[in-house]
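>>> okay, structure incoming, though there's no sequence with it:
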DNA sequence: CAAGTTCGCTAAACTGATTTAGCACGAGCA
DNA sequence: TGCTCGTGCTAAATCAGTTTAGCGAACTTG
């Protein structure tokens, strides 16, 4: 690629000046005493020749590559969290940077490999992202440079690394608030309190935080969660069975909060099957804003994971070396049609 | 990042040899006459010091960066086509390369910017990907190097560029074959023949190819498509209304082929609403293998877009300078529960 | 035994940029 | 006239590798 690119020397020659002069002019260095005419000639020459600097060469000297590594366990290809990349990509572009991505697939060997490959390429910083919000241990090689955790936290590092996570607790509050505003209070159930089959207690911090928010908001309203159902996992089938059991009780809930949209998807099926309808008989709120949320009938109101905003934030933190510790990004309520006053 | 990395000079010094010797040994150059002992010493020194070459420096001389650009209009972040990246990422890793990604969002200015940024970084090749299979024009700047189109074709270039696309026509045949095997033949309908609101005739080559395959396979079986329904777009709501009209006819279809899974999702809703069931009353086959295909009840049989395989293939073509013209990647039938013999 | 080969290795050039140190010239001043 | 100072610019070093050209010693060969 790019065999006979124009070099700085070419520009200098055409401008009748030295490489030094050309370099200084093109970098807009202050304090140089080159004449206005010299500036003009260099710009003209660069323009004429279509000069573009060779970043590899530059970075050799400056140790800046205008490149950020985006290393994730699996997020890169995970439909639905691609928003993280998109946000990062946008922010990077705005700041004239570029993203080098790699996936570890959770494999430590791949991880070593990926991180080495990135460091070999002299990246300016590393964004280390996880698919599900969780704790992870940061490879020591990274600690030398600028690192930001994305959608993950860590407790392994002595001085906290900067990290970017969704504000799940606030989201939990918001879900409840939306229900309270519609008159629900005493018969609000939660589906998916935790994932029973989850063996790693560090995973699913999200669930804990959301639940805290939910309970907190209800407590402030002088109420408590009516029923909480645990699920083996957060898949549609589990939402389905959970909702079925809830609907069979004599005092069935007037509203349910599902811990994610796939649970809600299953819950919808159970409601339909019971001859009831959302939101007339049961209101539903949920989390994530998976694309199916919009496709369901009626549209599912859900607290959107702010993937793009998180990706942007991570880039900012990597480049500006932002504050250590967690950055919470708020989750917005996508208001659709699944919430109405209780029957 | 990486302030005090070990350099080749360090390794050479520790091995008591010249940089030249160290370089040659580490690169495994043939025909050099360095002694076995010298080899040993260099390897040992590199190992001891944890030497890693600076790729920027190397590429300055060799013009190889072991980096591939992945430029897409929007695919990178599109949930569901992230498989393209994942495949590319895997293939790249296997060949010790790394991916630099950028998105143009269809904006020509962004596109220029992205491509310049990539070329400035001396990438070894460019994968130019599109979200939906379609024709596109390749920016001239790219033609100088190694380019592969992914999920897109072009007719603008004089000598055809290599490109990688799914084999939609074969997939159309496979969809019909699966139905024929189950005894359907004369009452097979197609939902989503084309997208009415599609203004760009070049888009949606996929639809055309799939339809050709469908018609071809039916023709060979001595039949024809029973009914074809067009849709404004390929969204659930359109699948829903299409299926509704089909079911209202006296000779309603025994099977329908939906042009994608979202249409099928809507079609399922219409079937349920009519008090019928899939696959007892109507069989459904579809295309794409969107994640919802697995979540539906019963599971939707669908021809999976081979995103990962395509991504891999693109990397291979970029690196090996593979044959010009299109590479068709087969789509596999994901057999689930939506096909059964006609009632 | 001189000339030519082969062996084992290295000095130095080169890649394309940035950056440091400093040169030549003219003006101002005593 | 001699000295300093400011102006406008450049030579050369540097970054970390790869590659070319070639050197000195040992070994063949006629």
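Received, thanks. Nothing here was measured: the structure is a model prediction, and the numbers come from that model. Residues are numbered from 1 along each chain as shown, chains lettered A, B, ... in the order given.

>>> flag the shaky bits of the stretch 201-343 of chain A, pLDDT-wise.
A:201-204 (pLDDT under 70).

>>> name the nearest residue to the one residue in the stretch 101-250 of chain A that gets nearest to DNA strand C, sequence neighbours excluded.
Here the stretch 101-250 of chain A gets closest to DNA strand C at one residue, residue A:122, 12.3 Å apart by Cβ to the nearest atom of the strand. All C-beta atoms are positioned from the backbone trio N, CA, C, and that covers glycine. Closest residue to residue A:122 apart from its sequence neighbours, by Cβ to Cβ, 6 or more residues apart in numbering or on different chains: residue A:65 at 4.9 Å.

>>> neighbours around the one you found, how many?
24 (other Cβ atoms under 10 Å in any protein chain shown).

>>> and for the one 4 residues further on?
Other residues within reach of residue A:69 by the criterion other Cβ under 10 Å amount to 27.

>>> cool, and residue A:228?
If you count neighbours by other Cβ under 10 Å, residue A:228 ends up with 17.

>>> can I assume it sits in a strand?
Yes: assessed by DSSP: H, G, I helix; E, B strand; the rest coil, residue A:228 belongs to a strand.

>>> tell me who's in contact with residue A:179.
Counting by Cβ atoms under 8 Å, 6 or more residues apart in numbering or on different chains, residue A:179 makes contact with A:185, A:188, A:255, A:257, A:283, A:285, A:339.

>>> helix or strand for the first one, which one?
If you go by DSSP states H and E, residue A:185 is not part of any helix or strand.

>>> sorry, back to before: nearest to residue A:210, of the contacts of residue A:179?
Distance ranking of those against residue A:210, using Cβ to Cβ, places residue A:257 first at 8.3 Å.

>>> residues in contact with the host helix or strand of that closest one?
Following DSSP H and E, one finds residue A:257 within strand A:255-258. Here strand A:255-258 makes contact (Cβ under 8 Å, 6+ apart) with A:172, A:175-176, A:179, A:182, A:184, A:187-192, A:214, A:239, A:243, A:246, A:264, A:267, A:282-287, A:339, A:342.

>>> same check, this time on stretch A:109-118
For stretch A:109-118, using Cβ under 8 Å, 6+ apart, the contacting residues are A:69, A:71, A:100, A:102-104, A:126, A:139, A:141-142, B:52, B:93, B:96, B:98.

>>> buried sites along that stretch?
For stretch A:109-118, the neighbour count (16 or more other Cβ atoms under 10 Å in any protein chain shown) marks A:110, A:111, A:114, A:115, A:117, A:118 as buried.

>>> quick check, that stretch touching DNA strand D?
No: figure legend: stretch A:109-118 not in contact with DNA strand D (Cβ under 7 Å from any atom of the strand); closest approach 12.8 Å.

>>> so where do the strands sit in the stretch 1-150 of chain A?
In the stretch 1-150 of chain A, the strands defined using DSSP state E, counting those that start in this stretch lie at A:67-72, A:98-103, A:125-135, A:147-153.

>>> typo on my end, the stretch 151-300 of chain A
A:163-166, A:188-195, A:227-231, A:255-258, A:283-288.

>>> so of those, which one's packed in deepest?
strand A:255-258 (a mean of 31; mean count of other Cβ atoms under 10 Å in any protein chain shown).

>>> quick one: that one to chain centroid distance?
Distance of strand A:255-258 from its chain centroid, counting by Cα atoms, centre = their mean, to the nearest Å, is 24 Å.

>>> can you list the strands that that strand pairs with?
strand A:188-195 (parallel), strand A:283-288 (parallel) (DSSP bridges).

>>> format those as CSV; extra columns: distance to DNA strand D.
Output for the strands paired with strand A:255-258, formatted as CSV (distance: least, Cβ to the nearest atom of the strand, whole Å):
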stretch, distance to DNA strand D
strand A:188-195, 46
strand A:283-288, 45
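
>>> residue B:231: which of those is closest?
Set against residue B:231 and scored by Cβ to Cβ, the strands paired with strand A:255-258 come closest in strand A:283-288, at 27.7 Å.

>>> can you list contacts of the closest one?
The contact list for strand A:283-288, computed with Cβ under 8 Å, 6+ apart, reads A:80, A:168, A:171, A:175, A:178-179, A:182, A:184, A:206, A:210, A:254-261, A:263-264, A:267-268, A:271, A:278, A:293, A:300-305, A:331, A:338-340, A:342.

>>> neighbours around residue A:108, how many?
9.

>>> residues touching residue A:178, list them.
Residues in contact with residue A:178 (Cβ under 8 Å, 6+ apart) are A:285, A:301, A:333, A:335, A:339.

>>> most neighbours among the residues you listed, which one?
That'd be residue A:285 among the contacts of residue A:178, by other Cβ under 10 Å, with 30 neighbours.

>>> ok, the closest residue to residue A:16 other than its chain neighbours - how many residues close by?
The shortest distance from residue A:16 to any residue other than its chain neighbours is 6.6 Å, reached at residue A:41 (Cβ to Cβ, 6+ apart). With neighbours defined by other Cβ under 10 Å, the count for residue A:41 comes to 21.

>>> likewise the one 3 residues further on?
Using other Cβ under 10 Å, residue A:44 is surrounded by 13 other residues.

>>> distance check, the closest residue to DNA strand D within the stretch 51-200 of chain A against residue B:22.
Closest to DNA strand D within the stretch 51-200 of chain A is residue A:60: 3.6 Å, counting by Cβ to the nearest atom of the strand. Going from residue A:60 to residue B:22 by Cβ to Cβ, to the nearest Å gives 19 Å.

>>> so between these two, which is more surrounded?
Neighbour count, other Cβ under 10 Å: between residue A:60 and residue B:22, residue B:22 has more, with 27 against 16.

>>> surely the more buried one is in contact with residue B:10?
No: with contact defined as Cβ atoms under 8 Å, residue B:22 does not count as touching residue B:10 (9.3 Å).

>>> ok so, going back, ok, of the strands of the stretch 1-150 of chain A, where does mean pLDDT dip lowest?
Sorting these by mean pLDDT places strand A:125-135 lowest, at a mean of 79.

>>> what parts of chain A come near DNA strand D?
Residues of chain A lying near DNA strand D (Cβ under 7 Å from any atom of the strand): A:16-21, A:24, A:32-35, A:37-38, A:57, A:60-61.

>>> restrict those residues to contacts with DNA strand C.
Within these, those near DNA strand C by Cβ under 7 Å from any atom of the strand are A:19, A:20, A:24, A:57, A:60, A:61.

>>> ok, the closest residue to DNA strand C within the stretch 201-343 of chain A to residue A:130 distance?
Minimum separation of the stretch 201-343 of chain A from DNA strand C (Cβ to the nearest atom of the strand) falls at residue A:319, amounting to 17.6 Å. For residue A:319, the distance to residue A:130 (Cβ to Cβ) stands at 21 Å.
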